[in-house]
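Visitor: got a predicted model here, sequence first, then my questions.
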Amino acid sequence: MRIIVCVIIGTAILSSSCAGTNKNLRKSNKSVTEDIVPKVEEKQISEPGIEIKEVEEKLVPIDEKLPYPHRYFVIIGSFRNPDNAKKYQGQILKKGFSSEILKNEAGLFRVSVMSTDEIDHAREDVRRIRRIFPEYYDTWLLIQKK
């Protein structure tokens, strides 16, 4: 009986210490990622119940092809690897979205589902996507630096 109690207590101690270690590892990985990815100007637009993340970035050509000349882009996914961005683009095309892949100066690939020169239209599109497609709750707005 004592052996069973000791085993249960030992297991509880080990599992709780592993969880703490994993939590610390996740924190340290996050700080490494923050050091790699450059800081960008970011602001939140507050509305009742909905916050829209807006980030201003400079876009660069992909394979010498410039992005649409619009100023505002609705972003549904971001990737470091261009193949992952293309794969994701294929998935959202099947759901009925039209899409363009953009690249910023830091080398991140953004999957855009709408571009416009009207910020209000872009914000409304972010809200509409979040309402109709809850799985894209993290859709945000990219503002192209001139």
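Guide: Noted; the coordinates are in hand. The model shown is predicted, which means the values in this text are computed figures rather than measured ones.
Visitor: quick one, what contacts D138?
Guide: K53 (Cβ atoms under 8 Å, 6 or more residues apart in numbering). Any C-beta I mention is one placed from the backbone N, CA and C, and that applies to glycine too.
Visitor: quick one: secondary structure of it?
Guide: Of the three states, D138 takes coil according to DSSP: H, G, I helix; E, B strand; the rest coil.
Visitor: could you do I92 as well?
Guide: Local secondary structure at I92 is given as helix here, using three-state DSSP.
Visitor: how close does it sit to G77?
Guide: I92 sits at a distance of 8 Å from G77 (criterion: Cβ to Cβ, to the nearest Å).
Visitor: same check, this time on K145
Guide: Using Cβ to Cβ, we find K145 at a distance of 21 Å from G77.
Visitor: which one's more surrounded, these two?
Guide: Comparing K145 with G77 by other Cβ atoms under 10 Å, the one with more neighbours is G77, at 21 against 13.
Visitor: the more buried one is in contact with A85, isn't it?
Guide: Yes: counting by Cβ atoms under 8 Å, G77 touches A85, with 7.0 Å between them.
Visitor: shared neighbours of the two, anything?
Guide: Joint contacts of G77 and A85 (Cβ under 8 Å, 6+ apart) are 110-111.
Visitor: output the below-cut-off pLDDT ranges for this protein.
Guide: Within the chain, the segments meeting pLDDT under 70 span 1-50, 67-68.
Visitor: any idea where the helices of it begin and end?
Guide: Secondary structure of the chain, counting by DSSP state H: helices at 2-36, 82-94, 119-132.
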